[in-house]
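Undergrad: Have a look; sequence and predicted model below, questions after that.
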Amino acid sequence: MNASDIDPPLLSVRDLTHTWDGVHGCREINFDLYPGEVLCIVGESGSGKSTLLQAVSCQVDAQHGSVHYDLRGQGPTDLATLSGAQRRLLARTDWGYVRQHARDGLRMQVSAGANIAERLMAVGQRHYGDLREVAGNWLQKMEIDVGRLDDAPASFSGGMQQRLQIARNLVTHPRLVFMDEPTASLDVSVQARLLDLLRQLVADLGLAAIVVTHDLAVARLLAHRTLVMRGGHVVESGLTDQILDDPQHPYTQLLVSSILQS
């Protein structure tokens, strides 16, 4: 039985529109995301997928439409009705946001352990020993030597920085994680291991995730469902395997065939 048969949506997006200078962006987007589900948004550069992610995650204010999120203890709530402080609290606790370039999602001037512990402190944890222990456990989960706990992120490789950023986001056990091209800036060999690790973590923690990518292999490995975007619109959506194995829209067919021929 699909989660959608028994659970209400965690996130509902209706007619969401945000454009830059009235041209580029996303237009009239609709989808639901269920607890524990991974949704990939795919498309080439300029398709509007990153704008959509920013609008859904309240980094930009949509010009039209709505995003409802199932807030803890409150139920489905229009995010536009939240104050700035409430949105920031949500972003620090129940959400995570993994950026393409890890340096944009880390505090480079503090240690690896402090990057993780800061998120815990935002939800009220203060005991120094407990913070170090949890941070060390997360480094191990992310296949980083716990002996690097006090090292600066700048001393880490790109792949390690990305794993540290993921640990920083997941330590508070969010229910929803946004990922913007999480593997695009990494070498191919590093990408493969990170994707395996992400797939394992998403399953183990029961996370819902929205992943923006131009790489259909990422969608194939991670996503239950996929939205294909072109020119700001969703041109095809459905189960990932179905879309990639039997694409219906000419643009999706073109994307899939270009991967097969490369």
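TA: Received the coordinates, thanks.

Undergrad: Against which helices or strands is the lowest-mean-pLDDT helix or strand in the chain packed?
TA: Ranked by mean pLDDT, DSSP states H and E, the helix or strand of the chain with the weakest confidence is helix 250-261, at a mean of 84. Contacts defined by 3 or more Cβ pairs under 8 Å, 6 or more residues apart in numbering; DSSP states H and E place helix 250-261 against helix 216-222, strand 225-230, strand 233-239. Yep, even glycine has a C-beta here, placed from its N, CA and C like the rest.

Undergrad: Verify the contact between A152 and A112 for me.
TA: Yes. With contact defined as Cβ atoms under 8 Å, A152 counts as touching A112 (7.5 Å).

Undergrad: out of those two, which sits in the more crowded spot?
TA: More crowded of A152 and A112, by other Cβ atoms under 10 Å: A112, with 28 against 16.

Undergrad: check contacts around the more buried one.
TA: Contacts for A112 were tallied using Cβ atoms under 8 Å, 6 or more residues apart in numbering; they are 135, 139, 144, 148-153, 156, 164.

Undergrad: can you rerun that using 10 Å?
TA: Each residue near A112 by Cβ atoms under 10 Å, 6 or more residues apart in numbering is listed here: 106, 135-136, 138-139, 142, 144, 146, 148-153, 155-156, 160-161, 164, 167-168.

Undergrad: Buried among these? Need that as a selection in ChimeraX.
TA: Buried members of the contacts of A112, defined by 16 or more other Cβ atoms under 10 Å, are picked up in ChimeraX with:
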select :106,135,136,138,139,142,144,148,149,151,152,153,156,160,161,164,167,168
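
Undergrad: helices or strands next to the top helix by length along the chain in the packing?
TA: Assignment by DSSP state H gives helix 188-205 as the longest helix of the chain. Counting contacts by 3 or more Cβ pairs under 10 Å, 6 or more residues apart in numbering; DSSP states H and E, helix 188-205 is packed against strand 38-42, helix 128-141, helix 158-170, strand 176-180, strand 208-213, helix 216-222.

Undergrad: switch to 7 Å and redo it
TA: On a contact count with 3 or more Cβ pairs under 7 Å, 6 or more residues apart in numbering; DSSP states H and E, helix 188-205 meets helix 158-170, helix 216-222.

Undergrad: Residue ranges in the chain under the pLDDT threshold?
TA: Low-confidence regions of the chain, defined by pLDDT under 70, span residues 1-6, 259-262.

Undergrad: How is it partitioned into domains?
TA: Per the record, the chain has its domains at 3-87+174-261, 111-173, by automatic domain parsing.

Undergrad: Reformat these as a markdown table; add distance to Q100.
TA: Output for the domains of the chain, formatted as a markdown table (distance: least, Cβ to Cβ, whole Å):
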| stretch | distance to Q100 |
| --- | --- |
| domain 3-87+174-261 | 4 |
| domain 111-173 | 9 |
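
Undergrad: ok, the closest residue to A152 other than its chain neighbours - how many residues close by?
TA: Nearest non-adjacent residue to A152, counting by Cβ to Cβ, 6 or more residues apart in numbering: S111, 6.2 Å away. Other residues near S111 come to 17 when the count uses other Cβ under 10 Å.
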